[in-house]
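Student: Please find the sequence and the predicted model below.
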Amino acid sequence: MGLVRRLSSRRLYSGHVLSLDLDEVEEPGGVHAQREVVRHSGSVAILAVTDDAQLVLVRQYRYPVDALVWELPAGRLDPGEQPKEAAQRELEEETGLSPAQIEPLLTYFTSPGFCDEVMHLFRATALRAVPTRPDADERIDVARVSFEQASAMARRGEISDAKTLLALSLERERRRSTP
């Protein structure tokens with residue numbers, strides 16, 4: 001585990017999406033503490049870019065924030081699934097687009113203060129239409145917007161999802177460095 005010694009761990013909750021553990025730990029300097037940790041299987045998000053440089057965003061209701069949220073297509077890793085496979089699956093399920101090219105952009109912790117979720121961010125191009133396959137409880141609107149439109153949406157607060165803001169920042173950097 002590295003810098004911390006886990007003295008005990010108790011599973012408080014185990015659900016379909018996540019689990020919650022209560023760990024007793026000894027941290028550097030001999031500090032004893034209890035840590036509540038959300039355990040998550042990992043996730044993917046996809047910045048899909050069409051041949052005419054449009055970005056593909058989805059809007060769906062997110063219960064925890066009680067709002068319709070504009071964001072990148074994204075989802076959880078299934079057991080044993082590789083991140084690249086999950087990215088392709090999620091993009092197809094949510095948007096009806098299949099990428100011929102998919103490249104990893106970044107892997108990061110979504111909220112390491114209380115959660116072990118690792119998100120794998122990809123950029124997908126050379127998209128072709130396939131049937132959508134949303135989950136039974138998903139109601140998803142798909143939109144294609146220019147990079148400028150997406151940036152304006154972010155400035156106005158219409159995009160407030162962290163993975164999407166991060167992807168827009170990386171795309172801005174890419175566009176500045178590409179002639």
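Tutor: Nice, I can see it.

Student: Kindly check the end-to-end length of stretch 88-105 for me.
Tutor: Counting by C-alpha to C-alpha, to the nearest Å, the length from the leading to the trailing residue of stretch 88-105 is 14 Å.

Student: what comes into contact with it?
Tutor: Stretch 88-105 has contacts (C-beta atoms under 8 Å, 6 or more residues apart in numbering) with 44, 46-48, 56, 58, 73-75, 81, 83-84, 87, 120-135, 138, 140, 142, 167, 170. No exception for glycine: its C-beta is placed from N, CA and C like everyone else's.

Student: Now that we have those, which of them are buried?
Tutor: 44, 46-48, 56, 58, 73-75, 83, 87, 120-124, 127, 140, 142, 167 (16 or more other C-beta atoms under 10 Å).

Student: Please identify the pairing partners of the helix or strand containing A45 and their relative orientation?
Tutor: Using DSSP states H and E, A45 falls within strand 43-49. Neighbouring strands of strand 43-49 in its sheet, by DSSP bridges, are strand 55-62 (antiparallel), strand 74-76 (antiparallel), strand 118-129 (parallel).

Student: Shouldn't W70 be within a helix?
Tutor: No - secondary structure of W70 (DSSP: H, G, I helix; E, B strand; the rest coil): strand, not part of a helix.

Student: if we can go back for a sec, of the strands paired with strand 43-49, which approaches E24 most closely?
Tutor: Counting by C-beta to C-beta, E24 lies closest to strand 118-129 out of the strands paired with strand 43-49; the figure is 23.9 Å.

Student: distance between the closest one and the chain's centre?
Tutor: 11 Å (C-alpha atoms, centre = their mean, to the nearest Å).

Student: separation between the closest residue to V142 other than its chain neighbours and R174?
Tutor: Distances taken as C-beta to C-beta, 6 or more residues apart in numbering place T95 nearest to V142, at 5.0 Å, with adjacent residues excluded. Noted for T95: a distance of 21 Å to R174, by C-beta to C-beta, to the nearest Å.
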